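[1] sequence first, then the predicted structure:
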Amino acid sequence: MSTPLKFKDKNRSQFFATVRKRVDTYFTEEALSPHANGAMWTKASFFLVGYAFIYGLILSNQFGLWTMLGLAIVLGMFAAFIGFNVSHDGLHGSFSSRSWVNRMAGNSFYLLGANPYVWKITHNIVHHTYTNIPGHDEDIEIAPGLVRLDPDEKLRPWHRYQHWYTIPLYSLASLSWVFRKDYVKFFKSKIGHHDNSSHPRSEYVKLFVSKAIYYFFFLVLPFLVLDLTWWQLVVGFVLMHVAEGLVLGLVFQLAHAVEGTAFPTPDEQGDIQEAWAIHQMNTTANFAPDSSVAAFFCGGLNRQIEHHLFPRICHIHYPAIAGIVKSTAHEFGLPYLENRSFTSALVSHFRLLRKLGRPVPIKPVRTNTRNLARQVPA
């Protein structure tokens, strides 16, 4: 049995205790709940109602093929936005102080064709604990062997081109989730080094029943009620998930796989020699932090630093606490990684993929010939 990885706070850092106290003080002084407010409920309702409305328009069978195709693509994007803005907070328990509300919000993940129980294991437990640690955080294993994000992974010839093919590859993420990933993760004995060998019986039922319901509503029912051939239906279904997967993949990767983020390797004892919170600061980055558009659609995931430090705080509050986190990080001499826009983050991700797809350049060793000559006997 492998030894669990531990974070060893060898410098006894007070960073997390300090920033947590300051954030708690902010909510106390402002008399605010760290959970959803009116703006959050409005936003969640907008995406949920919009998703149902677009789905209803498609099933109405009142539009031509190209309009239906456009609606399918927008529906896929709305599914991703529900994942960011509703499901994610619910699954982290940050949407509400009431567990049943969080459970309902988290169950909106079924609308993406994904399983919330599996997500809580792979994301909440594994990714949030072992962020960017090769062999532990499977979120950085996008397509094992095909995409290289681990600097210690064997470099293969095709990795030279990964900065061109990886980003389009994200568009397949949602299809993989619906038909493959959840099943593979559920029945995997270990996810990273997390023991995944035992699940409640009810989760077996939920996995298969929810998948069957999703397949019915998005494949069987449309085929029965729409004037489409089977291949036209398949094209629409695939493009819906291409849009969903591309949005999901880009937003998540721009937070952890950009220039400046670390991919630390445990020491010989299998430990990380730094505090967990400092590890998060080294492996996580924000993008477009001042963009109200990014904040609205990405569900706070453009502020991943705040999210990783405070996953139990609703993302609607991240802009307010970001200044506290940033100033405290600077006070303790810690990095606070940011890309000022979505585009700059995407370019940084592209450059990192290109860098990891090439061998590390070997710097030539310069010999001091003058000193060497003095050492040679006459």
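    Looks like it came in fine.

[2] how close does residue 360 sit to residue 71?
    47 Å (C-beta to C-beta, to the nearest Å). Every C-beta, even on glycine, is put in place using the N, C-alpha and C of the backbone.

[3] more neighbours: those two, which one.
    The residue with more neighbours, out of residue 360 and residue 71, is residue 71; 18 against 9, by other C-beta atoms under 10 Å.

[4] can you tell me the SS state at that one?
    helix (DSSP: H, G, I helix; E, B strand; the rest coil).

[5] tell me who's in contact with it.
    54, 57-58, 63 (C-beta atoms under 8 Å, 6 or more residues apart in numbering).

[6] most neighbours among those, which one is it?
    residue 58 (22 neighbours).

[7] how close does it sit to residue 261?
    39 Å.

[8] narrow the contacts of residue 71 to those in strands?
    Residues of the contacts of residue 71 located in strands (DSSP state E): none.

[9] residue 335: which of those residues is nearest?
    Within these, proximity to residue 335 (C-beta to C-beta) peaks at residue 54, which comes in at 40.6 Å.

[10] now the residue lying closest to that closest one once chain neighbours are set aside: which helix or strand?
    Distances taken as C-beta to C-beta, 6 or more residues apart in numbering put residue 75 closest to residue 54, at 4.6 Å, once the chain neighbours are dropped. If you go by DSSP states H and E, residue 75 is part of helix 65-82.

[11] ok, residue 286 next?
    strand 285-287.

[12] pLDDT wise, what is residue 363 at?
    The score at residue 363 is 54. That number is its pLDDT.

[13] can you give the contact residues for the strand holding residue 286?
    Outside strand 285-287, the residues that reach it (C-beta under 8 Å, 6+ apart) are 254-256, 258, 260-261, 294, 302-306, 322, 336-342, 344-345.

[14] now the helices: where do they sit in the stretch 1-150 of the chain?
    Taking DSSP state H, counting those that start in this stretch as the criterion, the stretch 1-150 of the chain contains helices spanning 15-29, 38-59, 65-82, 88-92, 99-107, 116-119, 128-129.

[15] tilt between the second one and helix 65-82?
    I take that to be helix 38-59. 150 degrees (axes from the mean of the first three to the mean of the last three C-alpha atoms, to 10 degrees).

[16] who are the packing partners of helix 38-59?
    helix 65-82, helix 221-225 (3 or more C-beta pairs under 8 Å, 6 or more residues apart in numbering; DSSP states H and E).

[17] poorly predicted segments of the stretch 151-300 of the chain, please.
    Judged by pLDDT under 70, the stretch 151-300 of the chain has no weakly predicted residues.

[18] which ones are touching the residue positioned nearest the centre of the chain?
    Among the residues of the chain, the one closest to the centroid is residue 252, at 3.3 Å (C-alpha atoms, centre = their mean). Residues in contact with residue 252 (C-beta under 8 Å, 6+ apart) are 139, 301.

[19] could I get the one helix or strand it maps to in PDB with only the CA atoms?
    Using DSSP H and E, the element containing residue 252 is helix 230-253. Extracted in PDB, the C-alpha atoms of helix 230-253 (Å, rounded to 0.1, in the frame of the first residue of the first chain):
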ATOM      1  CA  TRP A 230     -30.600   9.700 -36.900                       C
ATOM      2  CA  TRP A 231     -27.400  11.200 -38.300                       C
ATOM      3  CA  GLN A 232     -28.700  14.800 -38.000                       C
ATOM      4  CA  LEU A 233     -29.600  14.100 -34.400                       C
ATOM      5  CA  VAL A 234     -26.100  12.700 -33.700                       C
ATOM      6  CA  VAL A 235     -24.500  15.700 -35.300                       C
ATOM      7  CA  GLY A 236     -26.600  18.100 -33.100                       C
ATOM      8  CA  PHE A 237     -25.800  16.000 -30.000                       C
ATOM      9  CA  VAL A 238     -22.100  15.900 -30.700                       C
ATOM     10  CA  LEU A 239     -21.900  19.700 -31.500                       C
ATOM     11  CA  MET A 240     -23.800  20.400 -28.300                       C
ATOM     12  CA  HIS A 241     -21.100  18.500 -26.300                       C
ATOM     13  CA  VAL A 242     -18.300  20.000 -28.300                       C
ATOM     14  CA  ALA A 243     -19.400  23.500 -27.200                       C
ATOM     15  CA  GLU A 244     -19.900  22.300 -23.600                       C
ATOM     16  CA  GLY A 245     -16.600  20.500 -23.500                       C
ATOM     17  CA  LEU A 246     -14.600  23.400 -25.000                       C
ATOM     18  CA  VAL A 247     -16.000  25.900 -22.500                       C
ATOM     19  CA  LEU A 248     -15.500  23.500 -19.500                       C
ATOM     20  CA  GLY A 249     -12.000  22.500 -20.600                       C
ATOM     21  CA  LEU A 250     -10.600  26.000 -21.200                       C
ATOM     22  CA  VAL A 251     -11.900  27.500 -18.000                       C
ATOM     23  CA  PHE A 252     -10.500  24.700 -15.800                       C
ATOM     24  CA  GLN A 253      -7.100  24.500 -17.500                       C
END
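
[20] the strands in the stretch 251-378 of the chain, which residues?
    271-272, 285-287, 337-339 (DSSP state E, counting those that start in this stretch).

[21] for the stretch 101-250 of the chain, that is, sorry about that
    Per DSSP E, counting those that start in this stretch, the stretch 101-250 of the chain carries strands over the ranges 190-191, 194-195.

[22] tally of neighbours for the closest residue in space to residue 349 that isn't next to it in sequence?
    Nearest in space to residue 349, with sequence neighbours left out and distances taken as C-beta to C-beta, 6+ apart, is residue 258 at 5.2 Å. For residue 258, the count of nearby residues is 25 (other C-beta under 10 Å).

[23] likewise for the one 4 residues further on?
    By other C-beta under 10 Å, the residues close to residue 262 number 17.

[24] could you find the closest non-adjacent residue to it?
    Closest to residue 262 by C-beta to C-beta, 6+ apart is residue 282, at 4.4 Å.
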